[in-house]
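J.: what follows is a predicted protein model with its sequence.
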Amino acid sequence: MYLARGFSDDPGIWLWTIGALALYVLVTYGLTYRARARRGSAQPARDAVHDLKDREDPQPLEQRFVSRVIMLCGAGITALVAALTSGVVRTLAVGLTIGVAATAWAYYDHRTVRRASAQR
């Protein structure tokens with residue numbers, strides 16, 4: 001009997017995925033911190049953490065769709081870069097691609113959350 005080998009057999013893929021999500025959270029925190037500091041908050045770091053925790057309102061459907069498209073396009077481009085390169089070039093190219101994709105995704109989400117809260 002042969003055992004099927006799946007996606008989860010390569011721990012490197014999971015490390016890249018966790019790294020991309022961690023980068024998304026870090027960039028989101030940085031953007032929130034910067035916005036709080038510009039608004040003159042006495043403790044921008046603490047307020048930024050609370051803002052990240054308090055995101056309970058769901059995005060409107062079209063903004064959520066665009067956010068997920070950005071996320072999936074970033075993942076697709078990253079997979080394409082990984083498939084087309086090898087060795088050290090792969091590591092650098094995938095890292096750069098993940099950095100750009102996660103930053104674009106976090107920036108879009110940050111902008112839409114700020115716009116939605118300003119309209120209320």
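T.: That came in fine, so what should we check first?
J.: let me know the average pLDDT across the lengthiest helix in the chain.
T.: Determined from DSSP state H, the single longest helix within the chain is helix 87-119. Throughout helix 87-119, pLDDT has a mean value of 85.
J.: that one: which residues count as buried?
T.: 93-95, 97-98, 101-103, 105-106, 108-110, 112-113 (16 or more other C-beta atoms under 10 Å). Bear in mind the C-beta positions are built from the backbone N, C-alpha and C, glycine included.
J.: list just the nearest of the residues you listed to R36.
T.: Set against R36, the nearest of these by C-beta to C-beta is H110 (11.9 Å).
J.: relative to M71, how far out is that closest one?
T.: Using C-beta to C-beta, to the nearest Å, one obtains 14 Å as the distance from H110 to M71.
J.: now swap in V89 and tell me
T.: Counting by C-beta to C-beta, the gap from V89 to M71 is 25 Å.
J.: roughly how far does the residue lying closest to T85 once chain neighbours are set aside sit from T103?
T.: Leaving aside its sequence neighbours, T85 sits nearest to A93 (C-beta to C-beta, 6 or more residues apart in numbering; 5.1 Å). Distance, A93 to T103, using C-beta to C-beta: 16 Å.
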